[in-house]
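Trainee: what follows is a predicted structure for the sequence shown.
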Amino acid sequence: MQADTIPNVWPTRYWQRLADERVQCNLCPRFCKLHEGQRGLCFIRANQNNRIVLTSYGRSSGFCIDPIEKKPLNHFLPGTPVLSFGTAGCNLACKFCQNWDISKSREFDTLADEAPPEIIARAAHELGCRSVAYTYNDPVIFMEYAIDVAKACRPYGIKSVAVTAGYMCAEPRTEFYQFMDAANVDLKAFTERFYWKLTGGHLQPILDTLLYLKHQTHVWIELTTLLIPGENDSDQELEAATQWVVENLGPDVPMHFTAFHPDWKMLDKQATPAQTLSRARRIALKNGVRYAYTGNVHDEEGGSTYCHRCGTTLIGRDWYTLTEWNLTEDGRCRSCGTACAGVFEAKHGNWGAARRPVRLRDFAA
């Protein structure tokens, strides 16, 4: 694929011209219908010259090395560093967005870093990162850029991680996930009311993405639900969600229940109590989820991984630091030999909880 002659504008495939001279974007279920010069809700896909283009290719809102557990992924190369980056905009309109300064940005000043795919791959390699994460805002909306980065990373043996809401149409989804090795998918709630009222989207496309990932790909998946008091934290909803996961995705898909803090357009809500997260974790375990976690709170028990057969602590965690490791080289419990689901290497990483900003220009020479 060749870039447009205008800097940072990139051609895309998933769109169609309509009879009324608008162009419809077919990347996600919003199906934005745009006149010439208009942008979609995501802000970075636009109608230019009667076609949909990506306007943020090769530009990032910043780079940082994180622990992989921060994505959160607890069963994918534990303890290793991941080079994280995003762009701007989002294709959902979550009133509770915790990254609103990036995902809701309408300013190109957010996209300060020039970031060609080959430079990102080289930086990840030289910095010792085992993976690159497309995060901070949803990589669905900059999929062409993310795919090219993933392609550039492969010769180095560097994996690709999508941190996503899963709101994507079937055809582009198939192309995108050919190049992803792992994904943390936000299952934001388990009611259509919540999705429509608080995100402007719908629940079923997310469930479709999860079913596709589990049954038609080899992508390692983990789920995250940000529990908001009074909105998606009832026993009834948690029972329904965790039962659906076990019945449709299986017991080995990890679920993370994380704490909300007042932000963006939901400043009237209280922060999630720690006991709510623990209650959600208990419900998940009761319903057969083998790996259930709490997040955004200090909870060593809720952050650690246990053997589902004998109860041995397989991976102890204090926030993002690994404190205990009782897996064999092939990912089995040292006490009883039961396999732990995930993507593990013979030796775990020791990156710890450090967060290290990166200037990509240092790797451009």
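Mentor: Noted; the coordinates are in hand.

Trainee: show me where the stretch 201-350 of the chain has strands.
Mentor: All strands of the stretch 201-350 of the chain, identified by DSSP state E, counting those that start in this stretch, fall at 220-227, 255-259, 292-295, 305-306, 313-318, 321-325.

Trainee: pLDDT weak spots in the protein?
Mentor: Low-confidence segments of the chain (pLDDT under 70): 1-8, 99-113, 365.

Trainee: now do the domain split for it, please.
Mentor: Domain ranges of the chain: 10-54, 59-293+342-358, per automatic domain parsing.

Trainee: mind putting those into JSON lines with mean neighbour count and distance to Thr313?
Mentor: C-beta: built from backbone N, CA, C; applies to glycine. Formatted as JSON lines, the domains of the chain follow (neighbours: other CB atoms under 10 Å; distance: least, CB to CB, whole Å):
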{"stretch": "domain 10-54", "mean neighbour count": "18", "distance to Thr313": "40"}
{"stretch": "domain 59-293+342-358", "mean neighbour count": "20", "distance to Thr313": "13"}
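
Trainee: so which of the ones you listed gets nearest Asp330?
Mentor: domain 59-293+342-358 (8.0 Å; CB to CB).

Trainee: next, the most centrally placed residue in the chain: secondary structure please.
Mentor: In the chain, the centroid-proximal residue (CA atoms, centre = their mean) is Val163; its distance is 1.1 Å. Three-state call for Val163 (DSSP: H, G, I helix; E, B strand; the rest coil): strand.

Trainee: what does the one 3 residues further on give?
Mentor: When states are read from three-state DSSP, the local structure at Gly166 comes out as coil.

Trainee: list the contacts of it.
Mentor: By CB atoms under 8 Å, 6 or more residues apart in numbering, the contact list for Gly166 reads 140, 185-187, 205-206, 209-210.

Trainee: what's the closest of the residues you listed to Gly342?
Mentor: Proximity of those to Gly342 (CB to CB) peaks at Val185, which lies at 15.9 Å.

Trainee: quick one, phi psi at the closest one?
Mentor: phi -110, psi 130 (degrees, to the nearest 10).

Trainee: so it bridges to which residues?
Mentor: Thr164, Leu223 (DSSP bridges).

Trainee: show me what contacts it?
Mentor: Counted by CB under 8 Å, 6+ apart, Val185 has contacts 164-166, 206, 209-210, 213, 221-224.

Trainee: any idea how far it lies from Thr199?
Mentor: 14 Å (CB to CB, to the nearest Å).

Trainee: quick check: closest non-adjacent residue to Gly331.
Mentor: With sequence-adjacent residues excluded and distances taken as CB to CB, 6 or more residues apart in numbering, Gly331 is closest to Phe344, at 4.2 Å.

Trainee: go on, Asp208?
Mentor: In space, Asp208 is closest to Ala170, 7.4 Å off (CB to CB, 6+ apart).

Trainee: now do the same contact list for Leu73.
Mentor: Residues in contact with Leu73 (CB under 8 Å, 6+ apart) are 161, 182, 184, 220, 222.

Trainee: of all the domains of the chain, which lies closest to Gly331?
Mentor: Of the domains of the chain, nearest to Gly331 by CB to CB is domain 59-293+342-358, at 4.2 Å.

Trainee: coming back round to it: save the strands of the stretch 201-350 of the chain as a markdown table, and put in distance to Ser335 too.
Mentor: As requested, the strands of the stretch 201-350 of the chain are exported to a markdown table (distance: least, CB to CB, whole Å):
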| stretch | distance to Ser335 |
| --- | --- |
| strand 220-227 | 24 |
| strand 255-259 | 24 |
| strand 292-295 | 20 |
| strand 305-306 | 11 |
| strand 313-318 | 9 |
| strand 321-325 | 12 |
